[in-house]
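# Let me see the structure of the following:
(one chain, ligands or ions: 2)
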Amino acid sequence: MKIVFLGGGNMANALIGGMVKQGFAATDIDVIDLGAEARAKLAASYGVTCHAGAETAPASPDILVLAVKPQQMKEAVAPLAGKLGNALVISIAAGLDMAALSRWLGGHRTIVRCMPNTPALIGAGITGLCARPEVSAEQRAAADRVLKAVGTTVWIDDEAKIDGVTAISGSGPAYVFLFIEALQQAAAELGFTPEQGRQLAIETVHGAAALAALSSEPASTLRERVTSKGGTTEAALKVMAEKGVKEGIVAGCKAAEARGQELGKILGAG
Ligand SMILES: NC(=O)C1=CN([C@@H]2O[C@H](COP(=O)(O)OP(=O)(O)OC[C@H]3O[C@@H](n4cnc5c(N)ncnc54)[C@H](O)[C@@H]3O)[C@@H](O)[C@H]2O)C=CC1
Ligand SMILES: O=C(O)[C@@H]1CCC=N1
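Ligands and ions are numbered 1, 2, ... in the order given. This is a model prediction of the structure:
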């Protein structure tokens, strides 16, 4: 099985790292990246073969992973248009729909669009995937194996919902990091050292997420159990509700979804 990555940045590193750890052979993986630094890093870290352009990369691989920025995609795939045979194309790009990708690839049909996230770097990612009807059961299983190498996979029937996946779990780690930053800022203002604040904040998020994952109860019940009548948590949540924290998060997710749709419209029109 020959797998070529177009783009060797953050997400490609996370995916390739996970795949090699899960037993994909580094000799089966090639990467095309314009950047000499990106190529050197990938070759040194994982032993994969890197190329500065599509000309030297294997023609019609089994899988082509599109891992450049959405704004770079049209130009990046142009040299591959019409040359991919029956390759399975897996796009991880935000916003871009499969119709635009198919057009830019000269009418290529076997495409899976997916949205992973950066915890993939430590094998703790979550990826939403959607396949065009032309994708065979074997190709679907192959896409699932690639993304399962870096975490959990969720298949979605309706491609339009991939922008929603982007809004919740693709961009989601940034919201959680913002929350950690806020806890650390509060810890500093309450007189803790940066190291103490880091430990208190990160272990809280880590522990609460693990508890929520293991519990059969909804998050709201777990929250209520922390919240004693007339106690400290109640005081905190009252202020957070007044500040619109929850509404802000929900509105932010909707803005992320809208931006994905907008990117798709603007970039996909070309
Ligand atoms: N960063 C994130 O949290 C997530 C990003 N994504 C998606 O993953 C994709 C890649 O994102 P990152 O890895 O963060 O970007 P990145 O900027 O780290 O990597 C992109 C790489 O593509 C290379 N490149 C640019 N034009 C090229 C071309 N014409 N030919 C070959 N290589 C070229 C660049 O040199 C760079 O190394 C994006 O489409 C993004 O929407 C998806 C999920 C999460
Ligand atoms: O911010 C972005 O556009 C990308 C997609 C999901 C996470 N990062």
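
# Spell out which residues of this structure are next to ligand 1.
Selection of the chain residues close to ligand 1 by CB under 6 Å from any ligand atom yields 6-12, 32-35, 38, 67-70, 72, 75-76, 92-94, 115-118, 170. C-beta coordinates here come from the backbone N, C-alpha and C atoms, glycine included.

# Check these one by one and keep those near ligand 2.
Applying CB under 6 Å from any ligand atom to the residues of the chain next to ligand 1, those adjacent to ligand 2 are 94, 170.

# Flag every residue of the stretch 151-270 of the chain that's near ligand 2.
Counting by CB under 6 Å from any ligand atom, the stretch 151-270 of the chain sits next to ligand 2 at 166, 170-171.

# Keep only those of the residues of the chain next to ligand 1 that are in helices.
Those of those mapping onto helices are 10-12, 38, 70, 72, 75-76, per DSSP state H.

# which of these are buried?
Buried residues within these, defined by neighbour count using 16 or more other CB atoms under 10 Å: 11-12, 38, 70, 72, 76.

# Which elements pack onto the strand ranked longest in the chain?
Counting by DSSP state E, the longest strand found in the chain is strand 125-131. In terms of contacts (3 or more CB pairs under 8 Å, 6 or more residues apart in numbering; DSSP states H and E), strand 125-131 is packed against strand 111-115, helix 137-148, strand 151-155, helix 162-165.

# which residues touch E234?
227-228 (CB atoms under 8 Å, 6 or more residues apart in numbering).

# That one looks like it's in a helix, true?
Yes - assessed by DSSP: H, G, I helix; E, B strand; the rest coil, E234 belongs to a helix.

# quick one: it from ligand 2, how far?
For E234, the distance to ligand 2 (CB to the nearest ligand atom, to the nearest Å) stands at 34 Å.

# And the pLDDT at that residue?
Per-residue pLDDT puts E234 at 98.

# same deal with G270?
Predicted confidence (pLDDT) at G270: the value is 80.

# repeat for K243
K243 is given a pLDDT of 98.

# repeat for the one 5 residues further on
G248 is assigned a pLDDT of 98 by the prediction.

# for it, what are its contacts?
No contacts exist for G248 under CB under 8 Å, 6+ apart.

# The most far-flung residue of the chain relative to its centre and A241, how far apart?
The centre of the chain is farthest from one residue, G230, which by CA atoms, centre = their mean lies 40.7 Å away. From G230 across to A241, the span is 16 Å (CB to CB, to the nearest Å).

# Other residues contacting stretch 187-196?
For stretch 187-196, contacts defined as CB under 8 Å, 6+ apart pick out 184, 197, 200-201.

# Quick check: the two most widely separated of those?
Farthest-apart pair in these is Q184 and L200; separation 8.3 Å (CB to CB).

# Between those two, which has more neighbouring residues?
Neighbour tally, Q184 and L200, criterion other CB atoms under 10 Å: the higher count belongs to Q184, 19 against 15.

# Quickly find the element holding that one.
helix 172-189 (DSSP states H and E).

# Buried residues in the helix or strand just after that helix, which are they?
Next along the chain after helix 172-189, taking DSSP H and E as the criterion, comes helix 194-214. For helix 194-214, a neighbour-count test (16+ other CB under 10 Å) marks 197, 201 as buried.
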